[in-house]
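Chemist: Dropping the sequence and predicted coords here.
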Amino acid sequence: MAMEGLKRVEEVQRAVMLLQSSGIFPDKDDNANHDDDYRLLANLFLLLTKPCGELSLERKCRLVSDFMPTLTALLLEEASHLLVEIEDKQNAGSDLLPIGGAENDADDDPLPLPIHFSDMPMISFDAMQQANSTVEDFCRSYFMFHGMDANRAELIFRYLPLLSFTESYIYQMDTLNEKMYQGCGSRRNAHDKSFYSEAYSSWLFNTEALESDPFRPLALLLQRHELLTERIKDELRDGTEYWALERKLCGESSSKMEISIEDVMRAIHVKSFDYRVLNLLLYQLRGEELNEVHMEFLSASELIVEIADDLFDYEEDVLENNFNILRMFVRIYGTSKAPTMLAKVISEAEEKYDHLLKSLDPQLALSYQRRCEEATKEGGKITGHPLGSWTIPPLIADEKFYRSMFGSYER
């Protein structure tokens, strides 16, 4: 059912794009929100293209043309009430079971999708592709903390649907958040949905929801499957906070306004919220009691990873105007003092990591360190203490000039 839903979403998206290119949709110059208009017309358009007995396309057009003038809001309201009553009777007494656990059988009927379109979490194929490396890293790095062998395919596929969907949803919203604050300059309005058409269809999301409650559809899905815990809610709130800080810090850093070191440190600490959400979901799916020792250690490890990644991606993050702790330290302390201040943060993070590493089972600690070595050799996102010495890349004092030289985001 999930694949059918995704296919349906893609069909509507293609219809929207076709009708937009044909000039059929209303003009957006009036600044009104036409997303619902587009979605309704796209669905009607798709309905007319589907086979219906021996009706020709010309006959369908004539029928719709003759029928539309007789359609009234009162008739639609009466039909809506009737359909809701029928659906309520069909759903009465139905039980919702959690997914991914041992209780589920492969032959069980799939759970119904949410009734309201706005509460239906949806992801794009691009988001699934981009999130795949994170899901792979999570399985290879975190499964060991649950006593699982990441090389066993049956374990991967048992939990893959929910883990992949969740990370894809987070990745998708993270990308939209970046698009939003990168479009906050004088030439673009953050709430101009046409700006997001390059990445995702504008009718899927709105910026108001991204700012206020971006995880509502995902949280409702987890709640329906009895997987939503208070700890997961806390991490989702951290994710919302991170995106707000990202918009604030990147917007302010680009406009040369003063930024707060407290905001920067809070952002880098909550940045890995997606890994913690996945880990907490895995505890729920397996019916395990939360291991606070493991959670604390992994949190310390995640902080070091984020800092290491920011150093590696520094130049790219400057070009794309993404949050990066080194960027923020240069903005706050200047190019001469920033490396020293960041080195202090790294030293404290390493000290905490080394202390918590000793609290792990020796075999688990050894396996995790080996995984770090594997990830380092592979050149991808590492998890845990980075091997070797830290290297601060050449600092960029004038980001605007740097972007003009190498081509990129411009405010």
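Modeler: Received, thanks.
Chemist: list the contacts for the most centrally placed residue in the chain?
Modeler: Among the residues of the chain, the smallest C-alpha distance to the mean C-alpha position (CA atoms, centre = their mean) belongs to residue 170, namely 1.6 Å. Shown in contact with residue 170 (CB atoms under 8 Å, 6 or more residues apart in numbering): 131, 218, 239, 274, 277. C-beta: built from backbone N, CA, C; applies to glycine.
Chemist: surely the second one meets residue 169?
Modeler: Put plainly, it is residue 218. Yes: at 5.2 Å, residue 218 counts as touching residue 169 under the criterion of CB atoms under 8 Å.
Chemist: Which of the two has more residues huddled nearby?
Modeler: Comparing residue 218 with residue 169 by neighbour count (other CB atoms under 10 Å), the higher total belongs to residue 169, at 24 against 21.
Chemist: Next up, identify which helix or strand the more buried one is on.
Modeler: Take DSSP states H and E as the rule and residue 169 turns out to sit in helix 153-182.
Chemist: can you give me the offset of that helix from its chain's centre?
Modeler: Relative to its chain's centre, helix 153-182 lies at 5 Å (CA atoms, centre = their mean, to the nearest Å).
Chemist: For that helix, buried residues please.
Modeler: Residues 156, 158-159, 162-182 are the ones in helix 153-182 that count as buried (16 or more other CB atoms under 10 Å).
Chemist: residue ranges with poor pLDDT in the stretch 1-150 of the chain?
Modeler: 1-7, 24-34, 81-119 (pLDDT under 70).
Chemist: Excluding chain neighbours, what is closest to residue 276?
Modeler: Computed as CB to CB, 6 or more residues apart in numbering, the closest residue to residue 276 that is not its neighbour in sequence is residue 235, at 4.9 Å.
Chemist: Between helix 153-182 and the host helix or strand of that neighbour, find me the angle.
Modeler: When secondary structure is defined by DSSP H and E, residue 235 falls within helix 230-254. Orientation check (axes from the mean of the first three to the mean of the last three CA atoms, to 10 degrees): helix 230-254 against helix 153-182 gives 40 degrees.
Chemist: Could you list every helix and strand in contact with helix 230-254?
Modeler: If you count contacts as 3 or more CB pairs under 8 Å, 6 or more residues apart in numbering; DSSP states H and E, helix 230-254 packs onto helix 153-182, helix 216-224, helix 261-270, helix 273-286, helix 325-357.
Chemist: That one to helix 273-286, inter-axis angle?
Modeler: 170 degrees.
Chemist: pLDDT of helix 230-254, averaged?
Modeler: Over the span of helix 230-254, the pLDDT mean works out to 89.
Chemist: How far away from the center of its chain is that helix?
Modeler: On the basis of CA atoms, centre = their mean, the separation between the geometric centre of helix 230-254 and that of its chain is 12 Å.
Chemist: CA atoms of stretch 272-290 as PDB?
Modeler: Backbone C-alpha positions of stretch 272-290 (Å, rounded to 0.1, in the frame of the first residue of the first chain) are rendered in PDB as follows:
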ATOM      1  CA  SER A 272      22.000  14.500  15.000                       C
ATOM      2  CA  PHE A 273      18.400  14.200  16.300                       C
ATOM      3  CA  ASP A 274      17.600  11.900  13.300                       C
ATOM      4  CA  TYR A 275      20.000   9.200  14.500                       C
ATOM      5  CA  ARG A 276      18.500   9.400  18.000                       C
ATOM      6  CA  VAL A 277      15.000   9.100  16.500                       C
ATOM      7  CA  LEU A 278      16.000   6.000  14.500                       C
ATOM      8  CA  ASN A 279      17.600   4.500  17.600                       C
ATOM      9  CA  LEU A 280      14.600   5.100  19.800                       C
ATOM     10  CA  LEU A 281      12.300   3.600  17.100                       C
ATOM     11  CA  LEU A 282      14.500   0.500  17.000                       C
ATOM     12  CA  TYR A 283      14.100   0.100  20.800                       C
ATOM     13  CA  GLN A 284      10.300   0.300  20.300                       C
ATOM     14  CA  LEU A 285      10.200  -2.000  17.300                       C
ATOM     15  CA  ARG A 286      12.200  -4.600  19.200                       C
ATOM     16  CA  GLY A 287      10.300  -4.200  22.500                       C
ATOM     17  CA  GLU A 288      13.500  -3.400  24.300                       C
ATOM     18  CA  GLU A 289      14.100  -1.400  27.400                       C
ATOM     19  CA  LEU A 290      16.000   1.800  26.700                       C
END
